[in-house]
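K.L.:
sequence unknown, structure follows:
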């Protein structure tokens, strides 16, 4: 009697089909493993991680000519009143002076050997020069002043004044061999809500090669003496600092900040920048 519970032995054709099925399954597994290893290798070779691979691409960076930035400082040389003598006396021999920074500001290099800054920066330097011979709170006498420009690389240069545009608070300085690129003045005004960029030294903060870069929004034009308004953080030392569009062109020069809200700053308009640049270029 046949035992219906015993398994039926496969014939030769069944065995061949089973063998082919096993090989196909093994091949598929090997292909999956190989594909995974290749993908991991590609990610490692390109310096990417899974997180960066899945992350959305970053927007393009603005083309800001940061090397065109120039830091301005006025240093006073002081002598103790007890050691002070008449400078017109040929026998007057002053001791080594005490040097103190009186002010700090910003500027930008434009074409030629010209630097563009705020008008009141130049006026303050002139006023400080007129203060030579006066005493400070320590009783020391101011005997000399240095008005110098420090370029992007940290090199210092003597500067002379060429023109002041009092109505729009602009000033052109002359300095020789200032390192860095030349800023290009824009042909078009920024539009309201456009994001702009500012390179400055607020509170006198400046490290050669590592400038302070700020951004903000152009919000519109006000009547003089304000000019264009931006939402750029500002502080003493920001005066004279350039405002750039994302394409790197210059659209304004910061001259003041709202005393009650440091993110409301005011700048000379593009038209006034174009005017003083054209006048001094033709001189």
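P.N.:
Noted; the coordinates are in hand. What you are looking at is a predicted structure, and each value in this text was computed from that prediction instead of being measured.
K.L.:
burial count for residue 134?
P.N.:
Here the number of neighbours of residue 134 (other CB atoms under 10 Å) works out to 10. In short, each C-beta sits where N, CA and C put it, glycine included.
K.L.:
for it, what are its contacts?
P.N.:
141-142 (CB atoms under 8 Å, 6 or more residues apart in numbering).
K.L.:
Report the separation between it and residue 190.
P.N.:
In this view, residue 134 and residue 190 are 43 Å apart by CB to CB, to the nearest Å.
K.L.:
And the helices in the stretch 51-200 of the chain?
P.N.:
For the stretch 51-200 of the chain, helices defined by DSSP state H, counting those that start in this stretch occupy the ranges 119-130.
K.L.:
lowest-confidence helix or strand of the protein?
P.N.:
In the chain, no helix or strand scores lower on mean pLDDT, DSSP states H and E than helix 50-54, which sits at a mean of 47.
K.L.:
surely residue 117 meets residue 253?
P.N.:
Yes: applying CB atoms under 8 Å, one finds residue 117 in contact with residue 253, separated by 6.9 Å.
K.L.:
Among these two, which residue is more densely surrounded?
P.N.:
Per other CB under 10 Å, whichever of residue 117 and residue 253 has more neighbours is residue 253, with 31 against 28.
K.L.:
Tell me if the more buried one really is in a strand.
P.N.:
Yes: counting by DSSP: H, G, I helix; E, B strand; the rest coil, residue 253 falls inside a strand.
K.L.:
Tell me which residues touch the closest residue to it other than its chain neighbours, please.
P.N.:
Nearest residue to residue 253, sequence neighbours excluded (CB to CB, 6 or more residues apart in numbering): residue 268, at 4.6 Å. Residue 268 is in contact with 118, 165, 168-170, 227-228, 252-253, 255, counting by CB under 8 Å, 6+ apart.
K.L.:
so who does residue 270 touch?
P.N.:
The neighbours of residue 270, taking CB under 8 Å, 6+ apart as the test, are 185-186, 188-190, 228, 251-252.
K.L.:
Weed out the non-buried ones from those.
P.N.:
Burial by neighbour count, judged by 16 or more other CB atoms under 10 Å, picks out 185-186, 189-190, 228, 251-252 from the contacts of residue 270.
K.L.:
Tell me the bridge partners for the nearest residue to residue 163 once chain neighbours are set aside.
P.N.:
Nearest in space to residue 163, with sequence neighbours left out and distances taken as CB to CB, 6+ apart, is residue 172 at 4.6 Å. Beta bridges link residue 172 to residue 116, residue 163, judged by DSSP bridges.
K.L.:
For the contacts of residue 268, which two are the farthest from each other?
P.N.:
165 and 228 (14.9 Å; CB to CB).
K.L.:
Report how many residues lie close to residue 267.
P.N.:
Residue 267 has 30 neighbours, counted by other CB under 10 Å.
K.L.:
nope, residue 273 is what I meant
P.N.:
Residues lying near residue 273 (other CB under 10 Å) number 26.
K.L.:
is it fair to say it lies in a helix?
P.N.:
Yes: the assignment for residue 273 is a helix, going by three-state DSSP.
K.L.:
how about the strands in the stretch 51-200 of the chain?
P.N.:
69-80, 98-109, 114-118, 140-150, 156-158, 160-165, 170-174, 195-200 (DSSP state E, counting those that start in this stretch).
K.L.:
To residue 234, which of the ones you listed lies closest?
P.N.:
strand 195-200 (7.6 Å).
K.L.:
From the rest of the structure, what touches the closest one?
P.N.:
In contact with strand 195-200 (CB under 8 Å, 6+ apart) are residues 62, 64, 66, 68-69, 106, 108, 190, 211-218, 230, 232, 234, 237-238, 241-246, 251, 254.
K.L.:
May I see the buried residues of it?
P.N.:
196-200.
K.L.:
swap in stretch 96-116?
P.N.:
For stretch 96-116, the neighbour count (16+ other CB under 10 Å) marks 97, 102-110, 113-116 as buried.
K.L.:
swap in stretch 114-132?
P.N.:
114-122, 124-125, 128.
K.L.:
Likewise for stretch 139-151?
P.N.:
Within stretch 139-151, the residues that qualify as buried by neighbour count (16+ other CB under 10 Å) are 140-142, 145-147, 149-151.
K.L.:
Appreciated, that's everything.
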